[in-house]
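Asks: Could you look at this predicted model? Sequence included:
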Amino acid sequence: SQQGEEDPQALSIQEGENATMNCSYKTSINNLQWYRQNSGRGLVHLILIRSNEREKHSGRLRVTLDTSKKSSSLLITASRAADTASYFCATGPLSIYNQGGKLIFGQGTELSVKP
Amino acid sequence: DTEVTQTPKHLVMGMTNKKSLKCEQHMGHRAMYWYKQKAKKPPELMFVYSYEKLSINESVPSRFSPECPNSSLLNLHLHALQPEDSALYLCASSQLSRGPEAFFGQGTRLTVV
């Protein structure tokens, strides 16, 4: 089962511009994570924000979380061609100890950064 | 070592074949996962192992059979698959006590003919 929606489904920008992706989810969560996937390869963890946090930064990444709206956004600043990839949000369950670290992924945003 | 290693990278199998996918990690993670991903879709959880015990089976057909021989290894045994089972199969692991971030392998691209 999928947790929610991401928008936009596809985003094309020029190098140096900022890219914003949004994610909505349905159930109560312990945390929300963002992953990047280069074409046909494995996913790479980018950043995690816990349900009691509102904003988090990591390098050029900024993530916000609004639990009242069940939504999150990922901002990539000063984008580079190497940022071209699919980006997925994923939600973690309230208790990881009886569900492992089960993640439910959003539909993903395909980001294309043109040089 | 922060890698999850999956073998093989590519696999073509007939519908009557039996094959296995392998996954290995040496990060001391105690949770391991199998995900299935179709083109342009998000990964879908298949199985979760916690402390070498199967804790979640997301109603996966019995032609997929997971096995966790020890805390570092995870296998997925395949038998009598259908062409619609063709997909990218991803293995992941996470350390339950230190956070739910998952480390993914590069996947096995499976084609059923």
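Replies: Good, I have the coordinates.
Asks: residues near B:Asp85, how many?
Replies: 19 (other CB atoms under 10 Å in any protein chain shown). Quick note: C-beta positions are derived from backbone N, CA and C, even for glycine.
Asks: I'd say it and B:Val113 touch.
Replies: No. In this structure, B:Asp85 is not within contact of B:Val113 by CB atoms under 8 Å, at 11.1 Å.
Asks: Tell me the residues of chain B that contact chain A?
Replies: Counting by CB under 8 Å from any CB of the partner chain, chain B comes close to chain A at B:4, B:31, B:33, B:40-45, B:48-50, B:55-56, B:88, B:90, B:92, B:94, B:96, B:99-107, B:109.
Asks: Show me which of those residues are buried.
Replies: The neighbour count (16 or more other CB atoms under 10 Å in any protein chain shown) marks B:4, B:31, B:33, B:42-45, B:48-50, B:56, B:88, B:90, B:92, B:94, B:96, B:99-107 as buried among the residues of chain B next to chain A.
Asks: In strands, which of the residues you listed fall?
Replies: Judged by DSSP state E, strands contain the following of those: B:4, B:31, B:33, B:44-45, B:48-50, B:56, B:88, B:90, B:92, B:94, B:103-104.
Asks: Helix or strand with the lowest mean pLDDT in chain B?
Replies: Least confident helix or strand, chain B: strand B:53-57 with a mean of 91, by mean pLDDT, DSSP states H and E.
Asks: by contact count, what packs against that strand?
Replies: Contact partners of strand B:53-57 among helices and strands, from 3 or more CB pairs under 8 Å, 6 or more residues apart in numbering or on different chains; DSSP states H and E: strand B:44-50, strand B:64-70.
Asks: Those: lowest mean pLDDT?
Replies: Of all the helices and strands packed on strand B:53-57, the minimum mean pLDDT falls on strand B:44-50 (a mean of 93).
Asks: any idea of the angle that strand forms with strand B:64-70?
Replies: Orientation check (axes from the mean of the first three to the mean of the last three CA atoms, to 10 degrees): strand B:44-50 against strand B:64-70 gives 30 degrees.
Asks: Partner strands of strand B:44-50 and their direction?
Replies: Its sheet considered, strand B:44-50 pairs with strand B:31-37 (antiparallel), strand B:53-57 (antiparallel) by DSSP bridges.
Asks: Dump these to TSV, plus distance to A:Tyr87.
Replies: Shown next, in TSV, are the strands paired with strand B:44-50 (distance: least, CB to CB, whole Å):
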stretch	distance to A:Tyr87
strand B:31-37	14
strand B:53-57	25
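Asks: Ok, which of those strands comes nearest A:Glu6?
Replies: Among the strands paired with strand B:44-50, strand B:31-37 comes nearest to A:Glu6, with 15.2 Å by CB to CB.
Asks: Distance check, the residue nearest to the spatial centre of chain B against chain A.
Replies: By CA atoms, centre = their mean, chain B has its centre lying nearest to B:Trp34, at 3.1 Å. Counting by CB to the nearest CB, to the nearest Å, the gap from B:Trp34 to chain A is 11 Å.
Asks: Quick one: mean pLDDT for stretch A:61-76?
Replies: For stretch A:61-76, mean pLDDT is 97.
Asks: does that stretch come close to chain B?
Replies: No. Among the residues of stretch A:61-76, none lie within reach of chain B under CB under 8 Å from any CB; the closest is 13.5 Å away.
Asks: residues near the spatially closest residue to B:His29 that is not a sequence neighbour, how many?
Replies: Distance criterion CB to CB, 6 or more residues apart in numbering or on different chains; nearest residue to B:His29, sequence neighbours excluded, is B:Ser93 at 3.8 Å. Neighbours of B:Ser93 under the rule other CB under 10 Å: 27.
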